[in-house]
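Student: Below is the structure, and that's it, no one-letter string:
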């Protein structure tokens, strides 16, 4: 049965290898179960419901990848996209999380249409490679900045806007939390360098356990009114039925509060980031597994993209931000995963994780923040691939990656990068490099700044 469905022999693998690799893949990306509720709860959503939606969306998306494309790639709500959801759409733009979920749902429907045609590949080819790298690096910086803020290491300042926390002030709440986050960052980095599987997840749990010890010894004081809650799980306060708080809420959005231009910009931002995050991950993991053909193309890529699109809409209905292919899938590929059986194992582990939900919701932001900081590092490694010898390519990429964290918005960074690319290359006599789609995108962003 398994041989017939997943073609194990044809892919030079076996059941034991695929199962072990499936567990490995889960371990390297399970941190999203703790991080996603931490980020999305800033939008006003219930953290228990978010965790349930995260696990179920990961299960559905990963199983779709296994059964539709027979690839060992796992999916879950993506970092960067959840930050845009919570801090930009629901934060600075002021929209409700129901409207944000509706945007993600619509994005998924658009992706389904694009995935059954060649449009998604065409869009990928239209955007300059260097600008894609700039987007990846910018998101990494943005995520890291949010991580430092969530950890309480970077705080507001009247004179310099942001500054480092004074660890001695309110040491038993803010001070000890920030100190534990610093320890967590170093711990994850050391484990990752040593090649320890699941280093990010281990770092989160280790930092949390240190926090529990601090609470039991009095170093950490539970002060709910200041946002410092007990770090010890309370299973009595968790209910699997909490998914009802977010399930289907995307269809209950206040349509009268939606500004159509803003809504289209939000959808485009989700589309843009998800397109290149997914395609880049698929190509990178496939290349590592030597799945690409002689022309550098990935067989069954249409099915893989369709699985990603279905997962996005399903995740929105459940109550989470865009579900996408995880770069951590490369850890499983490196261990020998070659078929959808790996993804099946990973998917079922996400499903089982629901019953451990109270553990994940008790994990504080200072324990998950180190993961954001370190994942930011993993994302900014793409900066080495930017061609700084070609200034017409490098400067737009630089402006893109710089403005994302400074403007606290992924979409603004993309807008600046696209406009800069078109203007610089057009004025410098390199118009042949600019695709028609890039002109359209630049014009749309210019109109956004003029009329919004």
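Tutor: All right, it came through fine. All values derive from a computational prediction rather than experimental measurement.
Student: give the contact list for residue 202.
Tutor: 187, 188, 191, 196 (Cβ atoms under 8 Å, 6 or more residues apart in numbering). Every residue, glycine included, has its C-beta placed from N, CA and C.
Student: Which of the helices or strands spans the residue nearest the centre of the chain?
Tutor: By Cα atoms, centre = their mean, the chain has its centre lying nearest to residue 79, at 1.8 Å. Using DSSP states H and E, residue 79 is not contained in any helix or strand.
Student: Run through the neighbouring helices and strands of the helix or strand containing residue 59.
Tutor: Element membership for residue 59, per DSSP H and E: helix 47-64. Secondary-structure packing of helix 47-64 (3 or more Cβ pairs under 8 Å, 6 or more residues apart in numbering; DSSP states H and E): helix 32-40, strand 75-77, helix 301-318, strand 323-325, helix 340-352, helix 357-361.
Student: one step back: who wins for most neighbours among the contacts of residue 202?
Tutor: Ranked by neighbour count under the definition other Cβ atoms under 10 Å, the contacts of residue 202 are headed by residue 188 with 26 neighbours.
Student: I'd say that one and residue 200 touch.
Tutor: Yes: with contact defined as Cβ atoms under 8 Å, residue 188 reaches residue 200; the gap is 5.6 Å.
Student: Now list whatever residues contact both of these two.
Tutor: 371, 374.
Student: quick one on the thing from earlier: which of the contacts of residue 202 fall within helices?
Tutor: Within the contacts of residue 202, residues falling in helices by DSSP state H are 187, 188, 191.
Student: list the contacts for the last one?
Tutor: Residue 191 makes contact with 199, 202, 203, according to Cβ under 8 Å, 6+ apart.
Student: from these, which ones fall inside helices?
Tutor: Using DSSP H, the contacts of residue 191 in helices are 199, 202, 203.
Student: any idea how far residue 1 is from residue 234?
Tutor: Distance, residue 1 to residue 234, using Cβ to Cβ, to the nearest Å: 42 Å.
Student: Pick out whichever of these two has more residues nearby.
Tutor: Using other Cβ under 10 Å as the criterion, residue 1 and residue 234 rank with residue 234 on top: 11 against 5.
Student: which stretch in the helices and strands packed on helix 47-64 has the least confidence?
Tutor: Of all these, mean pLDDT reaches its minimum on helix 357-361 (a mean of 73).
Student: counting contacts, what elements does it pack onto?
Tutor: Applying 3+ Cβ pairs under 8 Å, 6+ apart, we find helix 357-361 packed against helix 32-40, helix 47-64.
Student: And for it, what's in contact with it?
Tutor: With contacts defined as Cβ under 8 Å, 6+ apart, helix 357-361 is touched by 33-34, 37, 47-48, 51-52, 55, 233-235, 237-238, 240, 353.
Student: Helix, strand, or coil at residue 11?
Tutor: coil (DSSP: H, G, I helix; E, B strand; the rest coil).
Student: need the contact list for residue 152.
Tutor: By Cβ under 8 Å, 6+ apart, the contact set of residue 152 is 165, 174, 177, 178, 181, 366.
Student: Just name the closest of the residues you listed to residue 86, please.
Tutor: residue 366 (17.5 Å; Cβ to Cβ).
Student: quick check: angle from the host helix or strand of the closest one to helix 32-40?
Tutor: Residue 366 is located in helix 365-380, with elements delineated by DSSP H and E. With axes from the mean of the first three to the mean of the last three Cα atoms, to 10 degrees applied, the angle from helix 365-380 to helix 32-40 works out at 100 degrees.
Student: how distant is helix 365-380 from the center of its chain?
Tutor: Here the centre of helix 365-380 is set off from its chain's centre by 11 Å, with Cα atoms, centre = their mean, to the nearest Å.
Student: Can you tell me the closest non-neighbouring residue to residue 339?
Tutor: Spatial nearest neighbour of residue 339, excluding adjacent residues (Cβ to Cβ, 6 or more residues apart in numbering): residue 6 at 4.2 Å.
Student: Does that neighbour touch residue 343 like I think?
Tutor: No: look at residue 6 against residue 343 with Cβ under 8 Å: they stay out of range, at 9.6 Å.
Student: With neighbour numbers in mind, choose between the two.
Tutor: Neighbour totals were compared for residue 6 and residue 343, and residue 343 leads with 32 against 24 (other Cβ under 10 Å).
Student: Now that the more buried one has come up, it's in contact with residue 68, right?
Tutor: No: applying Cβ under 8 Å as the test, residue 343 and residue 68 come out as separate, 10.2 Å apart.
Student: report the angle between the axes of the lengthiest helix in the chain and helix 301-318?
Tutor: The single longest helix within the chain, with elements called by DSSP H, is helix 260-288. In terms of direction (the same axes, to 10 degrees), helix 260-288 departs from helix 301-318 by 130 degrees.
Student: could you point out where the stretch 1-150 of the chain is predicted with low confidence?
Tutor: 120-125 (pLDDT under 70).
Student: can you give me the helices in it?
Tutor: 2-6, 15-29, 32-40, 47-64, 81-83, 97-115, 119-126, 129-151 (DSSP state H, counting those that start in this stretch).
Student: Nearest to residue 224, out of those?
Tutor: Among those, helix 47-64 comes nearest to residue 224, with 14.4 Å by Cβ to Cβ.
Student: so how far is the closest one off the chain centroid?
Tutor: For helix 47-64 - counting by Cα atoms, centre = their mean - the centre lies 13 Å from the chain centre.
Student: relative orientation of it and helix 32-40 in degrees?
Tutor: 130 degrees.
Student: what's the angle from helix 47-64 to helix 15-29?
Tutor: 150 degrees.
Student: Burial check on residue 255, number of neighbours?
Tutor: Count around residue 255 with other Cβ under 10 Å applied: 9.
Student: Give me the pLDDT for it.
Tutor: Residue 255 is given a pLDDT of 77.
Student: how close does it sit to residue 278?
Tutor: 29 Å.
Student: what comes up buried for stretch 382-392?
Tutor: Neighbour-count burial for stretch 382-392 flags 382, 383, 386, 392 (criterion: 16 or more other Cβ atoms under 10 Å).
Student: if you average pLDDT over that stretch, what comes out?
Tutor: 90.
Student: Now do the end-to-end distance for it.
Tutor: End-to-end span of stretch 382-392 (Cα to Cα, to the nearest Å): 18 Å.
Student: again with stretch 39-50
Tutor: End-to-end distance of stretch 39-50: 10 Å, with Cα to Cα as the criterion.
Student: got it, and stretch 206-225?
Tutor: 26 Å.
Student: from memory residue 57 sits against residue 77, does it?
Tutor: Yes: between residue 57 and residue 77 there is a contact under Cβ under 8 Å: 6.1 Å.
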